[in-house]
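In: predicted model, plus sequence, below.
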Number of protein chains: 2
Amino acid sequence: MTEPLPQLSQMRCAVLGAGGFLGTNLCQGLKPRVASLRAFGRRLSFPSALTDIEWIPGDFSQPTSVATAISGCDTVFHLVNATTPASANIDKLADLQSNVTPTLRLLEACREAGVKRVIFISSGGTIYGLPKQVPTPESAPTDPITAYGISKLAIEKYLGLYEYLHGLQYRVLRVANPFGPYQTALKSQGVIAAFMHQCISHEPIHIWGDGSSVRDYVYVNDVVDAVLAAVQHHGPSRVFNIGGGQGRSLLDIVDVIKRVSGITPEIKFSPSRSVDVPRSILDITLASQELGWTPKTAFDEGMQRTWAWAIAQHQDGTLY
Amino acid sequence: MTEPLPQLSQMRCAVLGAGGFLGTNLCQGLKPRVASLRAFGRRLSFPSALTDIEWIPGDFSQPTSVATAISGCDTVFHLVNATTPASANIDKLADLQSNVTPTLRLLEACREAGVKRVIFISSGGTIYGLPKQVPTPESAPTDPITAYGISKLAIEKYLGLYEYLHGLQYRVLRVANPFGPYQTALKSQGVIAAFMHQCISHEPIHIWGDGSSVRDYVYVNDVVDAVLAAVQHHGPSRVFNIGGGQGRSLLDIVDVIKRVSGITPEIKFSPSRSVDVPRSILDITLASQELGWTPKTAFDEGMQRTWAWAIAQHQDGTLY
């Protein structure tokens, strides 16, 4: 049922949701390593970062665009997020229809096009809901408190079904809170980008809650390494937590930003939101065992690189 | 967040999917016990069984029909199955759109209408996929091998989300293979109905696989008792397995049919289907502990009553 995959250097790859933060980093990581790379998305946020890549603009909700994007490819990377955790809870049906429905169409298209493996970026921060066990392993209950997390979970299950019924291989990476270059403050993608942007713009840093909320942050290059490991993985597991290996509070983050930036920002506190889990740290033992992956970038180093990138964007006058 | 429920005798109830097998039995069980009962469905399969019930014909996929059906009710019973496990795998997207999408609309309507509790009939036979642990407890992994099971799982998760975000109470019953009066052989609802129908019609009994496939069968009156317990439940759990407490092979079923009918039917074997789990038995300890529920009907007694009903239908010339 499961056909052998080509070697990485022979792979013909399509990245869906390629124009954003993770997509830009992943395309940069894949490009020198694979036979061909097609990048599909609504908008190329950083065109200068992906100059020599085959870019196909299109909407994930348009079946023909997606079918064009994956045709001739053996490996598909699904990074599309049509919603955010907060927006998904406001219109749960829209979240379902803009994420799960087009993913089911994608899987059908993959099956028809003879795609061998799909790598799906799931959400380590929302899929477990309010975790009873921290750090949380992949086997923990999955009871999301956002429609966003439910959509990710449903997609994971459909991937399992397509492998079972149709031999379409898959790997799922439940990524914690990734940060790094190309993450913008525009679409509430992540607190680190938002905090840095506020700092650079001399605005107060805006914290939901009292700042004690603990999350798991992982540097984006480490996520790209995990994807590269998942694409070549042949072990028994399908779903892997990908995190930084430890938790940090929002106030910890602010401290590191102070250190790397030399700026002491004002902090503005707002009431916490119902979508926010108070404490989320992923157990990354399984990825270490089966993928041979651990995060390599020290947190401070990742933060320094991210700050350097943010400062450069600011100096270039790039809207980010 | 969770408002007190009225006493059973004060409850204003709506049963969605009321015209079928489970719905007919549930309406019969609820009618004498509750303040008001509205029955909603596409078709009333057995009009004479529900003569003094407020019947609202309508399609679950029509939001205004559903909103009408639940208006003024405090308790909603969601029994709708727009697909079967086999049909769902043929068109997974249609399954999603005909089950999950309208359920999300229903939950939004429940929230707007001030419904207090939703009871959802989930699928004990498909939600666990290929179970690693048999009998299978509610805490076991849920990796369905049918789109049908994935839809049920997604609905369970959305129910959890609506309780968390909006205080809409819910209970889920993961029902094994129910059997009993009003189950017909027409829509591949269950093997017992199909086998009895074949027996009465002097057709060979048609078995997928070699007959060793083990399932968990529960008499429908016991399921109705479980629903009545769930509607008044105040304990911590939300999801309960409801099964017969033991497994039986298809050949066991044929043996009992021989015994209750006095007929020795011919058996025709066909290759097993990919949607069929080889062995499925539910662990019903939790329902016993929290709902105070256990199945009361001995299997042979349930089979006798079911046979008597099937024979009566046949003698009446009713298409069933």
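Out: Perfect, I can see it now. Residues are numbered from 1 along each chain as shown, chains lettered A, B, ... in the order given.
In: local confidence estimate at A:Glu3?
Out: With respect to pLDDT, A:Glu3 scores 66.
In: what do you get for the one 5 residues further on?
Out: At A:Leu8 the predicted local distance difference test score is 95.
In: surely it and A:Gln232 touch.
Out: Yes. A:Leu8 is within contact range of A:Gln232, at 5.9 Å (criterion: CB atoms under 8 Å). Heads up, the C-betas are built off the backbone N, CA and C, glycines and all.
In: quick one: buried residues of stretch A:202-214?
Out: A:Ile205, A:Ile207, A:Trp208, A:Gly211, A:Ser213, A:Val214 (16 or more other CB atoms under 10 Å in any protein chain shown).
In: what is the longest helix belonging to chain A packed up against?
Out: Counting residues, the longest helix in chain A under DSSP state H turns out to be helix A:147-166. Using 3 or more CB pairs under 8 Å, 6 or more residues apart in numbering or on different chains; DSSP states H and E, the elements in contact with helix A:147-166 are helix A:85-90, helix A:92-95, helix A:101-113, strand A:117-123, strand A:169-175, helix B:147-166.
In: how close does A:Arg33 sit to chain B?
Out: Distance, A:Arg33 to chain B, by CB to the nearest CB, to the nearest Å: 32 Å.
In: quick one: contacts for that residue?
Out: Counting by CB atoms under 8 Å, 6 or more residues apart in numbering or on different chains, A:Arg33 touches A:Leu8, A:Ser9, A:Leu228.
In: the second one and A:Val34 touch, don't they?
Out: Yes. With contact defined as CB under 8 Å, A:Ser9 and A:Val34 form a contacting pair (6.8 Å).
In: tell me which of the two has more neighbours.
Out: A direct count of neighbours by other CB atoms under 10 Å in any protein chain shown for A:Ser9 and A:Val34 places A:Val34 higher, at 20 against 9.
In: the nearest residue to that one once chain neighbours are set aside: neighbour count?
Out: Nearest non-adjacent residue to A:Val34, counting by CB to CB, 6 or more residues apart in numbering or on different chains: A:Met11, 4.6 Å away. Neighbour count for A:Met11, taken as other CB under 10 Å: 21.
In: the one 4 residues further on now?
Out: Using other CB under 10 Å, A:Val15 is surrounded by 29 other residues.
In: test my guess that it contacts A:Phe40.
Out: Yes. Between A:Val15 and A:Phe40 a contact is recorded at 6.7 Å, counting by CB under 8 Å.
In: show me which residues of chain A are close to chain B?
Out: A:89, A:92-93, A:96-97, A:100-101, A:104-105, A:108, A:129, A:139, A:141-147, A:150, A:153-154, A:157-158, A:160-161, A:164-165, A:274 (CB under 8 Å from any CB of the partner chain).
In: please, a PyMOL command that selects the buried ones among those residues?
Out: Here is the PyMOL command that picks out the buried ones among these, judged by 16+ other CB under 10 Å:
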select buried, chain A and resi 89+92+93+96+97+100+101+104+105+108+129+142+143+144+145+146+147+150+153+154+157+158+160+161+164+165
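In: show me the helices in chain A, by range?
Out: According to DSSP H, the helices that chain A contains are A:21-30, A:63-70, A:85-90, A:92-95, A:101-113, A:147-166, A:191-200, A:220-231, A:250-261, A:285-286, A:299-316.
In: give the buried residues for stretch A:114-128.
Out: For stretch A:114-128, by 16+ other CB under 10 Å, it's A:115-128.
In: ok, so of the contacts of A:Arg33, who is nearest chain B?
Out: The closest of the contacts of A:Arg33 to chain B turns out to be A:Leu228 (CB to the nearest CB; 26.0 Å).
In: can you pull the contacts of the nearest residue to the closest one once chain neighbours are set aside?
Out: Excluding the flanking residues, the one nearest A:Leu228 by CB to CB, 6+ apart is A:Gly29, at 6.5 Å. Listed by CB under 8 Å, 6+ apart, the contact set of A:Gly29 reads A:Asn221, A:Val224, A:Asp225, A:Val227, A:Leu228.
In: now do 10 Å
Out: A:Val220, A:Asn221, A:Val223, A:Val224, A:Asp225, A:Val227, A:Leu228 (CB atoms under 10 Å, 6 or more residues apart in numbering or on different chains).
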